[in-house]
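Engineer: Sequence and computational prediction follow.
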Amino acid sequence: MREIKFRGKTESADKAPKGTWIYGFPYKEEVLWYINYDFPGGFGTGRCKSNIVIGHTIGQLTPFTDKNGKPIYEGDVLGDWTEVDGKMHQSRYAVFFCETTGQWMLDESLNQDRSYSVSLFAELNDFEYEVLGTIHDK
């Protein structure tokens, strides 16, 4: 059974410092997004914490890991090294879920506008990608 998990970046320093990634389950109340997250003695005990998160930073865990075994989330930026004209070049592609095809995709378009994307599953079988950051990093 696959794990269903999300992450989001905190908007306020309510229970976690502002800008911290927290992992758990999102929910929305009126205009604010929250994530319930685990802590020792949390889930399964009826006790858990929640924090306001920036809605557009919420991303779901994919079933994949990078070459270092790091979990890949929606919104992560993956990269690998390839030789172009005798120089090493690092690619940077965003991970997203395509509703049309029902699969996790890697945005390989020049402008990162999803105009050209490929199956994340297929790419991970052919290349050694690693998580470089997220689309939300500055």
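Structural biologist: Structure's in. What do you need?
Engineer: quick one, helices of the protein?
Structural biologist: Ranges of helices within the chain are 120-126, based on DSSP state H.
Engineer: how's it carved up into domains?
Structural biologist: Listed domain ranges for the chain are 6-57, 60-134 (source: automatic domain parsing).
Engineer: Which of those domains has the lowest mean pLDDT?
Structural biologist: Lowest mean pLDDT within the domains of the chain: domain 6-57, at a mean of 79.
Engineer: what's the span of it, first residue to last?
Structural biologist: Length of domain 6-57, first residue to last, CA to CA, to the nearest Å: 10 Å.
Engineer: With stretch 104-114 instead?
Structural biologist: 12 Å.
Engineer: contacts for it?
Structural biologist: Residues outside stretch 104-114 that contact it (CB atoms under 8 Å, 6 or more residues apart in numbering) are 62-64, 74, 78, 91, 93-98, 115-121, 123, 135. Glycine gets a C-beta too; all of them are placed from N, C-alpha and C.
Engineer: Equivalent analysis for stretch 27-40, please.
Structural biologist: 6-8, 22-26, 48-55, 58.
Engineer: top strand in the chain by residue count?
Structural biologist: If you go by DSSP state E, the chain has its longest strand at strand 21-29.
Engineer: So for it, what gets flagged as buried?
Structural biologist: The neighbour-count check on strand 21-29 (16 or more other CB atoms under 10 Å) flags Trp21, Ile22, Gly24, Pro26 as buried.
Engineer: Are any of the contacts of stretch 104-114 buried, and if so which?
Structural biologist: Applying 16+ other CB under 10 Å to these flags 62, 64, 74, 78, 91, 93-96, 117, 120, 123, 135 as buried.
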